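J.: predicted model, plus sequence, below.
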Amino acid sequence: MVWPSWVRTHAHAYAPIVTRDETGVVVPGSGKPPLHGKPSTARPPLLLHHFVKPSHRHRDNATRRRVVFGAVCLLALIALLVVTLSRIGAAQAAGRGDVMKNLRNALAAACAAANKTTVMFVTQVTRTSRNAAKGLLEVLSFKSIWGVDRRTRVQSPFGDADSASTQFLSLAKRFRKRFVVPTLQAFVAVAAFLSALVAADRMFHFYVAVYWRRIRKQDPAELRWKSAELPPAESVSAQTISQFPKVVVQLPMFNEKEVCGDVIDAACGLDWPKSRLLIQVLDDSTCAETRKRVDDKVFEWREKGIEICARRRVSREGYKAGAMLEAENDLRGRDGLFGGAPVVTGFGGELLVGRDDTLRSVNGSIPRGGGGDTAISGGVTRVAETQNLETKSPADQNATPENGGYEYVIIFDADFDPHPGFIRKVVPILIANKNVGFVQARWTYNNTHESLLTKVQAISLNYHIRCEQFARHAAGVFFNFNGTAGAWRLTCIENAGGWTPRTTVEDMDLSLRAYLKGWQFVFLDAVTCDCEIPACYDAYRKQQHRWSCGPAQLFKIAVTQTWAAKNIPVAKRIYLVFLFFGTRMFASHVVSFALYCALIPICAAFPEVVIPFWALVYTPVLVTISTVAFTDGGWKTAVPYVLCENAMSIVKVTAMLSGLLGWANAHEWVVTTKLGRFIAKEVEAVKGGAVGKVTEKVVCKLKKARGQRKTYGKECAMGVFFLSCAAYGAYVHAMWQYAVFLTAQGVVFLAFGLNYVDGK
């Protein structure tokens, strides 16, 4: 059975992945299902079996509304006609003048009667609405004295309005007391428990980080891991070159023309022997200008003797993970192995490599070759789907990179700027410790003070990098690769199942599978790499959606295998399932939205619902202090940080639900817009006197980067909701302490919804 397209698109748990560029335009050919995903004829979730076509449902509702409206109008016309005829008959019976005069009098009397009837009807509706609103307010405010003001007694043809109002208020009072209040109190209890869990998780990481940083004042990486000694750059010779393993630097990018040249320059400037280094620019760009800039940079550095190539695919299937998966084919030796891979000879003399593809995709394994046509600048290489061989013409031999023997891969996103000594600081750890799968460096940010939005993001990222990642490594529990500014052992990637696009966090996915295989990871706090924080709210919003949706997808897929991993101690499995995923990836989003953005505003109308003081004050204060402590001067932005994090909670919660429930936008991949050092360069040019076209260029670039001002309905609705709750709580219950917080939070929600957070 083939389900309709609207069911497959909106309800299928594995809906087609849609890619949009920085302008929001759908990239051609991106509506295909995920790499080796389920076919389009798969059955949708059982919860959708009751669906009917929306067009039929909407058409029936519209028809029903039109019929009711037409009947009301017809009855009004009939009543007007009856009144007019009766007036005409009365005038004729009284013998008043001629027919025309009698007709005018009848029409005037009919109009007066209709006017009087309309006024009476409007008055009746107004009084009834006022009484209903008054009763509703009395229900919500839970007045101690219930009754009806006798001075506003309404004579109604439908009965005694006071009696009906009294019955309604009594019923509402019982319903509120027996159902609404206990339900809200139960939700408050659950949210308070989750907030305590989040606070305990934060304090654990805070304690571990402070202990190592302030008390012991040591880096766990220096104490626990060995580092290989390599000859300095000036003493590299034919006798010492063998001490340097072959390293590949991969630069995945997509339509990032403002930063593509800078990252290529930084990668080619790394301190490593040229004969042992390969730069792969994994360019999936559809922008002609970006492709031209990449080709120019590749040509420039090839002329300087750097082994560099731009690798392009016909289809963006799999996105970043798919590009890195296919690029692995260029890194194997003639025996099909990576450098440093353990080789085992079978009974038949064939080479056996331990591989496990059980977790590589949603519905099975992915072939080692990515398949399809792959273009390398300077020549075209066809990657065979089944044989995993490269067929090159003699003219292409000099254009393609040296094939094989690479041991380590270093990954930089397009907005990162590594310093020249980066490889010499991370690769020796991998050389000296054969059980280490990857080494992660610490991020630093070059545009922290650009705006309030970037300052808030810097606080959040600093806590994640400087506290969470550092503390997890120090405590010996699981921490994930951050997707960039790190080095992987290629045999570890292969042993863990390779890159897979089944989630939007391919880095966390691969880290988890490698961890379950027994590999260990290293976090180098002393090694840093500059990067750029999204300066536009739209880019930040899309980034947070991807980062919140991916862990939910991964948890749903791998939680069973994670708990069943017998080679991992029980305590570490408990931490991984309940704290890493349960608390950090789920409970923190739920608490931020459910408690601080839903229950607290609602409780302004229900003062009898008790929120524990520790959950209302102590817990958020502890969480905030433990977060801002890892950012220099972070306490100055603590209050805006809390308000902005609450405002982003609605985006994170919907993204988390999207990943858990498999909504249509769960696999949507939108590249984060970046400005890079372009603006800084142009500003320096202006300071140097090169004004005119340069100034115009800067202004045009800023406008294009930020685009047209967009509005976001969810944030605007939450802002109106908060302001309404603040006004009600202050006016009805004199809850000024709530009103101050709700007003401030409502203003921030509106600022996010109207996109007024990009400025200085």
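T.: Now that the structure is in, tell me what you want to look at. Numbers count the residues shown, from 1 in each chain.

J.: in this protein, spot the strand with the most residues.
T.: strand 520-531 (DSSP state E).

J.: so what touches that one?
T.: Contact with strand 520-531 is made by 219, 221-222, 225, 412-413, 415-419, 422, 425-426, 429, 433, 435-446, 466, 469-470, 472-473, 479, 481, 484-485, 511, 514-515, as judged by Cβ atoms under 8 Å, 6 or more residues apart in numbering. In short, each C-beta sits where N, CA and C put it, glycine included.

J.: same check, this time on stretch 475-484
T.: Against stretch 475-484 from outside (Cβ under 8 Å, 6+ apart): 208, 411-413, 416, 438, 440, 443, 465, 468-469, 472-473, 488, 505-508, 510-512, 515, 521, 523, 529, 531, 572, 575-576, 580.

J.: same question for stretch 190-207.
T.: Residues outside stretch 190-207 that contact it (Cβ under 8 Å, 6+ apart) are 467-468, 471-472, 579, 583-584, 587-588, 590-591, 594-595, 599, 611-612, 615, 619-620, 622-623, 626-627, 629.

J.: of those, grab the buried ones for PyMOL.
T.: Command for PyMOL that selects the buried part of these, burial taken from 16 or more other Cβ atoms under 10 Å:
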select buried, resi 467+468+471+472+579+583+584+587+588+590+591+594+595+599+611+615+619+620+622+623+626+627+629
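
J.: just the ones in strands from the contacts of stretch 190-207, please.
T.: Judged by DSSP E, these include no members of strands.

J.: out of the contacts of stretch 190-207, which sit inside helices?
T.: Among the contacts of stretch 190-207, DSSP state H puts 471, 472, 588, 590, 619, 620, 622, 623, 626, 627 in helices.

J.: which SS class is residue 281?
T.: Per DSSP: H, G, I helix; E, B strand; the rest coil, the local secondary structure of residue 281 is strand.

J.: and it, how many neighbours?
T.: When neighbours are defined as other Cβ atoms under 10 Å, residue 281 has 28 of them.

J.: how about low-confidence regions in the stretch 651-760 of the chain?
T.: For the stretch 651-760 of the chain, applying pLDDT under 70 flags the ranges 666-667, 669-708, 759-760.

J.: can you put the ones in helices among the contacts of stretch 190-207 in JSON lines and add distance to residue 215?
T.: Formatted as JSON lines, the ones in helices among the contacts of stretch 190-207 follow (distance: Cβ to Cβ, whole Å):
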{"residue": "471", "distance to residue 215": "13"}
{"residue": "472", "distance to residue 215": "18"}
{"residue": "588", "distance to residue 215": "27"}
{"residue": "590", "distance to residue 215": "33"}
{"residue": "619", "distance to residue 215": "25"}
{"residue": "620", "distance to residue 215": "26"}
{"residue": "622", "distance to residue 215": "20"}
{"residue": "623", "distance to residue 215": "22"}
{"residue": "626", "distance to residue 215": "16"}
{"residue": "627", "distance to residue 215": "20"}
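
J.: what is the nearest of these to residue 492?
T.: Relative to residue 492, the closest of the ones in helices among the contacts of stretch 190-207 is residue 472; by Cβ to Cβ it sits at 18.3 Å.

J.: mind listing what that closest one touches?
T.: Under the criterion of Cβ under 8 Å, 6+ apart, the neighbours of residue 472 are 205, 478, 479, 523.

J.: what number of residues lie near the closest residue in space to residue 505 that isn't next to it in sequence?
T.: In space, residue 505 comes closest to residue 550 once its chain neighbours are excluded; the distance is 3.0 Å by Cβ to Cβ, 6 or more residues apart in numbering. For residue 550, the count of nearby residues is 24 (other Cβ under 10 Å).

J.: same thing with the one 10 residues further on?
T.: Residue 560 is flanked by 8 other residues according to other Cβ under 10 Å.

J.: what do you get for residue 314?
T.: By other Cβ under 10 Å, 10 other residues sit near residue 314.

J.: and what of residue 310?
T.: For residue 310, the number of neighbouring residues by other Cβ under 10 Å comes to 24.

J.: surely it is within a strand?
T.: Yes - counting by three-state DSSP, residue 310 falls inside a strand.

J.: my guess is it contacts residue 281. True?
T.: Yes - counting by Cβ atoms under 8 Å, residue 310 touches residue 281, with 4.4 Å between them.

J.: overlap in contacts of these two?
T.: Common contacts of residue 310 and residue 281, defined by Cβ under 8 Å, 6+ apart, comprise 294, 298.

J.: where does the stretch 101-250 of the chain dip in pLDDT?
T.: 101-107, 109-110, 113-114, 116-118, 121, 124-125, 128-165.

J.: now do the strands in it.
T.: 155-156, 159-160, 247-253 (DSSP state E, counting those that start in this stretch).

J.: secondary structure class of residue 257, three-state.
T.: Per three-state DSSP, residue 257 ends up coil.

J.: any idea how far it lies from residue 285?
T.: 8 Å (Cβ to Cβ, to the nearest Å).

J.: swap in residue 512?
T.: From residue 512 over to residue 285 (counting by Cβ to Cβ), the distance is 30 Å.

J.: then residue 663?
T.: To residue 285, residue 663 is 28 Å away according to Cβ to Cβ.

J.: ok so, going back, the contacts of strand 520-531, buried ones only, as a ChimeraX selection?
T.: Selection of buried members from the contacts of strand 520-531 for ChimeraX, criterion 16+ other Cβ under 10 Å:
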select :219,221,225,412,413,415,416,417,418,422,425,426,429,433,436,437,438,439,440,441,442,443,444,445,466,469,470,472,473,479,481,484,485,511,514,515
